[in-house]
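**Student:** let's see this in three dimensions:
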Amino acid sequence: MAHEITSTDGLVLNQVPAWHGLGTVVASAPTPTEALELAGLNWTVESSPLYALTEDGQRVVVEKHRANIRQNPDGSKSVLGVVGENWKAFQNSELAAFAEALAENDDRVHVESAGSIRGGKKVWFLVRGESFSVRADDVMVPYMCLSNGFDGMTAVRMTPTSVRVVCSNTLHAVIPDGIGSANKETAGFTTSHTGNLMSRLDEAKRALRLYSHAIESSREAMDKLAADEWTSERIQRFLLESYELDFGKIPESPTQGSGRLKAMSAIGSMLERFEREEQIAGATAWNAFNAYSGWLQNDRSIRVADADAREDRRVGLNLFGKNAERTSAAFQRAIRFGA
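**Tutor:** As a prediction, this is how the structure comes out:
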């Protein structure tokens, strides 16, 4: 399937269904342990010797490598990946326990979504923080995505992200990095598949506390952008500069290929977005930033023919790819434009 959710994958979502219509939707956010069962993540991974089959039918052991085998409750099995001999599987139950242990003062960790893709090669728990408003109709919801993989290429990660409820504009790394902090610990937490996962809990909590402090600083920056009225000339200059920094200088002559037409179409889409939101909250720096990031993450064309595959590609770019970096850079650029 284009969305990478196979018949052996599971998904649980809090209240709101996914775009592809799959998964179990629940009325209230579960704990990570509850989500483990609801999302069908109650399987384990075991390490198995790896063999090569020669042309004459002999099995030869592949030294220093092993296969990750998914063991399902019904007894069925499947290969998830090939790893080095020292690679250690962090089980789904361990990731759920790790997510719950992040809570301070006996608080409950709420899961917005949890599941797996590619037959269990990658799993995640998306836990929700307290939402806040830049303006009355403009809500930011901080999330922390805990992800793991058994394909041999994916580390355990704790990645901050946020969703702007008004237009579903995913703003990756704006909250942790948008204030120009040089402390990259605020961008999350990563650990390799060695040792004991719980032994890294204090490090993850420290990153989480830094993230919380960064949210407060970013909230102040967002409020300033929302109160900063810009002229039409400044708005257009911001959009043009943002586009050229990310996608190259716009050709001056219409005869220079399709580059100028493509750029002008993009700027037109950004201005349409800005004008829609201007009716709600005025001609502000915050709306100019969201006009650019909204076009970048939702409107910019992606050269993938299949609609589902195109959506997957877009989500990947927005959360973990180049668009994440471009969004963060645009946020900081908006702050400098208002200085």
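
**Student:** Gln297 belongs to a helix?
**Tutor:** Yes. Read with DSSP: H, G, I helix; E, B strand; the rest coil, Gln297 is one of the residues of a helix.

**Student:** please save the CA atoms from stretch 6-17 in CSV.
**Tutor:** The C-alpha coordinates for stretch 6-17 follow below in CSV (Å, rounded to 0.1, in the frame of the first residue of the first chain):
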residue,chain,number,x,y,z
THR,A,6,0.2,-3.4,5.5
SER,A,7,-2.2,-6.1,6.7
THR,A,8,0.2,-7.0,9.6
ASP,A,9,0.5,-3.4,10.8
GLY,A,10,-1.8,-1.7,13.4
LEU,A,11,-2.7,1.9,14.2
VAL,A,12,-4.6,3.7,17.0
LEU,A,13,-5.7,7.3,16.8
ASN,A,14,-7.2,9.6,19.4
GLN,A,15,-10.6,10.9,18.2
VAL,A,16,-9.6,12.0,14.7
PRO,A,17,-9.4,9.4,11.9
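
**Student:** what residues sit buried inside stretch 62-82?
**Tutor:** The neighbour-count check on stretch 62-82 (16 or more other C-beta atoms under 10 Å) flags 66-70, 80-81 as buried. No exception for glycine: its C-beta is placed from N, CA and C like everyone else's.

**Student:** point out where the stretch 101-250 of the chain drops to low pLDDT.
**Tutor:** Flagging of the stretch 101-250 of the chain using pLDDT under 70 yields the residue ranges 105-106, 130-132, 135-137, 162-188.

**Student:** now the strands for it?
**Tutor:** Assigned by DSSP state E, counting those that start in this stretch, the strands in the stretch 101-250 of the chain fall at 111-117, 122-128, 132-135, 138-149, 156-164, 169-170, 189-191.

**Student:** okay if I get those strands as TSV plus mean neighbour count and distance to Gln58?
**Tutor:** Formatted as TSV, the strands of the stretch 101-250 of the chain follow (neighbours: other C-beta atoms under 10 Å; distance: least, C-beta to C-beta, whole Å):
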stretch	mean neighbour count	distance to Gln58
strand 111-117	25	35
strand 122-128	23	34
strand 132-135	17	64
strand 138-149	20	32
strand 156-164	21	37
strand 169-170	20	51
strand 189-191	19	39
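
**Student:** any idea how far Leu41 is from Pro73?
**Tutor:** 11 Å (C-beta to C-beta, to the nearest Å).

**Student:** what lies in contact with the helix or strand harbouring Ser47?
**Tutor:** If you go by DSSP states H and E, Ser47 is part of strand 44-53. For strand 44-53, contacts defined as C-beta atoms under 8 Å, 6 or more residues apart in numbering pick out 59-62, 65-71, 80, 82-83, 87, 89, 91-93, 120, 150.
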